[in-house]
Structure formats: C-alpha cells, structure tokens
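>>> how would this look folded up:
(chains A and B)
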Amino acid sequence: MTRYIGRRFIELAIVFIGVTFIIYAMVFTLPGDPIAALGGDRPLPENVQAQLRAEYHLDEPVWLQYLRYIGGLFTGDLGTTFDGRPVGDRMAARWPITITLALTAFAIEVVVGVILGLVSGLRNGGILDRTLLIGTILATSVPVFVLGVSAQLVFGLQLGWFPIAGAGAGWPTAYLLPATVIALFGLASVTRLMRGSVVDTLRSDFVRTLTAKGMPRRNVVGVHVMRNSVTPVLTFLAIDLGYLLGGTVVIEAIFNLPGIGALLFDAIRTHEGPTVVGVATALILIFLMTSVVVDLINSLLDPRIRHE
Amino acid sequence: MSEQLASQQAPLVTPGDRSVWTTLRKRPLFWICSAALGVLAVIAVLPGPIAGLFGQPDPRACDLSRSAQEPSPTHVFGTDLQGCDIFANVVHGTQTSLFIGLLTTILCLVIAMVLGTIAGYYGGVADRIVSRLTDVFLGFPFLLGAIVVLNSAGTRSALTVSLVLAFFSWPTLSRLVRSSVRTVRGAEYVQAASAMGLTDRRILLGHVVPNSLGPVLAIATTMVGSVIVAESTLTFLGVGLRQPSISWGLQLSTAQSYFQSDPHLLVFPSLFLTVTVLSLITLGDILRDALDPKGRS
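Numbering: from 1, shown residues only, chains lettered A, B, ... in the order given. Next comes the predicted model:
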C-alpha cells in the first residue's frame, strides 16, 4: 500500500510540474510585453519599466522565473498581480462561494446520478431506462452556458422560483439553480456509468450465488451490487470534480456569483496575466489532489488496483 | 418485402456480411443525425445563398434603427442589438463552428495517428515518452488550459483557436490510437506481414493503421461536437473568437446581457448549437456501438 501511495504521488508530481510549466511557459514567453502595456497610450519611462521588470523577475530566463514561481507555490505564494496585490489574497475571499457551489453540484450529481443509474440498471431495457438514456444524451450535448442562460430565463425570470443572479439570497436558494446546471453534465455520465456497471454486476456469478443462497433481493442489491458497481463511478467522480471547478467559471459568470471562477473570468477580461495563471494553477492543483485521493479510496475498495 | 426478409435472415449470414454499414442502416437515429449534419454542412458551405433565401444574405448589413426586433417576415429570426439579421448571422456562424470543429479534429487525428501508432507499435522508450505526455495533458481540465493560453494569445482567429484547441485535445485520441494499435499489433495478419519481410512502413500503413482506425473515427466524430462546444464556451467567456468573426458563441455572449428583454437573441443561436452538437455526439455514439457491439451501452 505504501509503495502504491508513493508511486501515485510521484506521478502527481510529474503531471503537476509538466502542467504548470506548459502554462507558465505559454503565458510568459508569448509575444507581448505586460510591463510596456501597463502605461497604456503613454509609455512608462525606461527606468521605471526596467525597475518593474526586475521586481517581477521578467528580466530573467523563463526557467528561472518558473523555478521561482514553483518555489513560491510551496510557501503559499501564488504570485502578485500587476497592481501589487497578492493573488492568494484575492482568491481567499472567494473560495467559500466556489466551494459551496461545487459541493452542492457534486452532491446533486452523486445522489441523483447514482439513484437514477441504479434504477435504470435494475430496469434494463424498460421505458424508464430508455427515457433516462435519451435524457443523458441531451444533458451531455447542450453546452453548459446555454443551459445556464436558459435556466435563468425559465426558472429565474418566467417562473420566478429562484433569484436570477447574485449570492445575496444565501444557501440554498441562490446556489440551487447554478449548481443543478453544472451538475447536469456530470450527472448524465454518472447515470450512464452506474447503469452499465449495475447491469454488469447483476450478471456476475457472485450475485447469482447470493440469490441462490436465498439472500433477500434488497440485500443483494443494496449491499453487494451497490458496492461493486460504485468503483468505476468513483473514478469518474474524481475526474469530474475538476470539470465541476472548470464549469464554475462559466456558471459563476452567468449567475454573477463572486467566486473563484468569476475572479478568473474578470481576470481574463482585464488581461490580468498573473491572476489568470494563479487561479488556473490553484484549480489544477486541487484537481490533481482530488484524483490522487480518490485513487487511494478506490484502491481500498478494490485491492486489485494497487497490485497492478 | 425482400428487404424485410433480408433483415430477418441477418443473423444467419456469415460474419463478414454483417458489416458496420448493415448495423448502421437499420438505426433510424443514424439517419436523423446524418440528415441534420448534411443540412448543416450545406449551410456551412453555402452560407450566402442560404441566408439569401429569406432576403437577408449579408450578416454584416445592419440597420441600427431596427435593433433587437422580434422575428418577422423580413427577418425570420428577428434582428440583434446592432440591427443585424439573426438568421444570416446564425447561418454564417455554422461555417465558423464546423470549420473549427473539423480543423481541430483533423489536426488531433494526425498528431494522434503518428504518436499513437509509434507508441503502440514500437513500445519501449517511445511509448513511455508519449504515454507520460498524454498523462500530463489529460491530468488537468482542458478548459482551464485553453483559457490560460488563449488569454495570452494576441490574435484570435478561427485558425488560432483551432490550433490551441488541438494542442489540448490530441491526447484523448492519441491514447485511443495507442491502445487500438496495441490490439492490432498482436494479430496474426500483422505477424504474417512481418514474417513475409514487409517493411515497417508497409505494415503500418497497409495493415495496422487501417485496422485500428474504426474506433478512433467514432470518437473523432464525438470530438467534433465537443470541440464546437469548447469553442463556443471559450468565446462566450471572452477568450475565444472576437469581432468581426461571426460565431454562435459571440452571438450568445452578447445576447446574455439582454436575455431579460429580448430572449429571441438567445434562442436561435442556442438551437443551432445544440442541434449540431447533439447530432455529432449521437452519431459518434452510434458509430461506436456499431463498431463494438460488446461495449454497447
């Protein structure tokens, strides 16, 4: 087990360094000089520009800048914006909203997805199963921002069930609609995966044995089928947490929720390079950590994985 | 009648006759999706004449005095804020979206075929390098990477957006090609070809690649759809295409601020976007099922 954890963390480190380097190199080696752009139409004096470059280490080679940046990450320093504020501080105030949104969406996805998948798998081929299957295809095909704006239009404006925008109404009122919209995409995949998994498990030998031994169907399904079907779903959910965070960018912008995603969105609009890199790096780091944690949980649930 | 008989006898014929085409032909969804995509392709190739059907061929012929009008006989989908005809814009947007979707997917296919085949066929060091590289790319949400890169790109035309999207999306296909090639590599006909002393080039191009292409093409179809979604999402966020490009994402991005007073700005671009993506993804699913009946969901 220790070897498995160790190997998993080495993989994490490789991926993390690769990803952050790609992002860093792309942002800071592309043409365009952020310092020269600071002055706008009236260029800053040469010596001021030189001082700023030295301050942000822009006069050093990219690999050194990158090492400096990675070093900073370990001390919790996510960089400084061009107007002098630490990116970490700007993010700190916004985490609660994004986390609330992502977790609400995640809860909807897990609970509804697993239940729908289980029901669908138990009624393999029935009308309910087919309807759900069509629903899942629809949910994966409609872009999340189209869903978001439509939901705003229908449930916010025409029916008036939820506030149209802003986090003012608090949890759960302000979060339910955006969370459902983000959850729909993953929900569809969870349902399909769970369904396929349940159908496969129901056909397996041990289920037949348990049924033959006279175990009540409720126990067969509730304990044994559930536990064995849920592993592939868990792996998917880990990957999906990353997409949820990515999805919050779009949804927070649409629903005007002042979270991390909205910060990224604003930074894009105002061309705040360091903030964009900082937020993206933080989100990617969370994504990588979650996937390791879920792999570990997976290996506990299914010992075969760690012996591969 | 003879057709009915033929379909009833299908299980009795030899495996070679039960081609992918026979399976596809019997599924109504396949025809619906193909028809929808066919219409969209015609629209994309001839946007001018199609937009002209309702008398407004030019998407940039705008009249500010007719801003945000509801659909009417002269403007079948209404007009947008600048007074431009929405139908003409949606029609021209089809071209942009399909162009980006296809170009990106073709670029990814080329990269994936080369790297995936090398990794899958030769294994060893090449395989390890390619596999680690795909791990890095698949290890983080694609949208975030694309946002960061596009944000710092100076010009953002359909071409640059396609390049960036391709840069981040090839690994999915590459991994698929690799595993597909690995299954084919062990096949007897490949062993036979190599025992006959054929060159690697002939074995790869003549036997390995054609036989591992099927599942890859099915996923590539789905990918065209997801690329179109990605493009419109990025454009919507403000890091994708910019004016004067015409795209569904741009139209929706503008419409979003005014959906309370003018929902029709939103409806038509969304509708086209959804139908396009839905057809592509469903078609990809059908193709995958037809190619691999075991994995049918």
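
>>> the helix or strand harbouring residue A:237: which residues count as buried?
Here residue A:237 sits within helix A:226-255, counting by DSSP states H and E. Within helix A:226-255, the residues that qualify as buried are A:226, A:228-255, counting by 16 or more other CB atoms under 10 Å in any protein chain shown. All C-beta spots, glycine's among them, are computed from the backbone N, C-alpha and C.

>>> report the rounded mean pLDDT for that helix.
Helix A:226-255 carries an average pLDDT of 78.

>>> what does the stretch 101-250 of chain A have sitting close to chain B?
The stretch 101-250 of chain A comes close to chain B at residues A:133, A:137-138, A:140-146, A:149-150, A:152-153, A:157, A:164, A:192, A:195-196, A:242-243, A:245-246, A:249-250, as judged by CB under 8 Å from any CB of the partner chain.

>>> I'd like the distance between residue B:77 and chain A.
To chain A, residue B:77 is 16 Å away according to CB to the nearest CB, to the nearest Å.

>>> so that residue sits right up against residue B:264, yeah?
Yes: with contact defined as CB atoms under 8 Å, residue B:77 counts as touching residue B:264 (7.2 Å).

>>> and the two? Which one has more around it.
residue B:77 (24 against 17; other CB atoms under 10 Å in any protein chain shown).

>>> and the one helix or strand residue B:217 maps to with helix A:226-255, angle?
Following DSSP H and E, one finds residue B:217 within helix B:209-237. Interaxial angle of helix B:209-237 relative to helix A:226-255 (axes from the mean of the first three to the mean of the last three CA atoms, to 10 degrees): 40 degrees.

>>> show me what helix B:209-237 packs onto, helices and strands only.
Contact partners of helix B:209-237 among helices and strands, from 3 or more CB pairs under 8 Å, 6 or more residues apart in numbering or on different chains; DSSP states H and E: helix A:144-151, helix A:226-255, helix B:86-122, helix B:142-152, helix B:158-185, helix B:248-256, helix B:264-291.

>>> the bottom helix or strand of chain B by mean pLDDT?
Every helix and strand in chain B was compared by mean pLDDT, DSSP states H and E; the lowest is helix B:2-9, with a mean of 43.

>>> per-residue pLDDT, residue 18?
Since you didn't name a chain, this refers to chain A. You'll see residue A:18 listed with a pLDDT of 79.

>>> my bad, chain B
For residue B:18, the pLDDT comes out at 58.

>>> related to what we said a few turns ago, can you put the helices and strands packed on helix B:209-237 in CSV and add distance to residue A:94?
Listed next are those as CSV, based on distance: least, CB to CB, whole Å:
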stretch, distance to residue A:94
helix A:144-151, 19
helix A:226-255, 9
helix B:86-122, 32
helix B:142-152, 16
helix B:158-185, 25
helix B:248-256, 21
helix B:264-291, 28
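
>>> go through those and name the closest to residue B:219.
With CB to CB as the measure, helix B:158-185 is the member of the helices and strands packed on helix B:209-237 nearest residue B:219 (5.7 Å).

>>> how many other residues sit next to residue B:75?
22.

>>> which one is it nearest to, not counting chain neighbours?
Leaving aside its sequence neighbours, residue B:75 sits nearest to residue B:85 (CB to CB, 6 or more residues apart in numbering or on different chains; 5.1 Å).

>>> same check on residue B:59?
With CB to CB, 6+ apart as the criterion, residue B:59 has its nearest non-adjacent residue at 4.0 Å, and that residue is residue B:88.

>>> where do the helices sit along the stretch 201-308 of chain A?
Here the stretch 201-308 of chain A has its helices, by DSSP state H, counting those that start in this stretch, at A:205-212, A:217-219, A:226-255, A:260-269, A:273-301.

>>> check the offset of the third one from the chain's centre.
What it means is helix A:226-255. Remark: helix A:226-255 is offset 6 Å from the chain centroid, using CA atoms, centre = their mean, to the nearest Å.

>>> elements contacting that helix?
When contacts are defined as 3+ CB pairs under 8 Å, 6+ apart, helix A:226-255 sits against helix A:95-122, helix A:144-151, helix A:173-202, helix A:260-269, helix A:273-301, helix B:142-152, helix B:209-237.

>>> what lies in contact with the helix or strand just after the first one?
Following helix A:95-122 in sequence order, the next helix or strand is helix A:127-141 (DSSP H and E). The contact list for helix A:127-141 (CB atoms under 8 Å, 6 or more residues apart in numbering or on different chains) reads A:116, A:119-121, A:123, A:184-185, A:187-189, A:191-192, A:195, B:225, B:274, B:277-278, B:281-282, B:285, B:297.

>>> give me the buried subset of those.
A:116, A:119-121, A:184-185, A:187-189, A:191-192, A:195, B:225, B:274, B:277-278, B:281-282, B:285.

>>> leaving out sequence neighbours, find the closest residue to residue B:224.
Leaving aside its sequence neighbours, residue B:224 sits nearest to residue B:101 (CB to CB, 6+ apart; 4.2 Å).

>>> touching, that neighbour and residue B:220? I think so.
No: assessed by CB under 8 Å, residue B:101 is found out of contact with residue B:220, at 10.4 Å.
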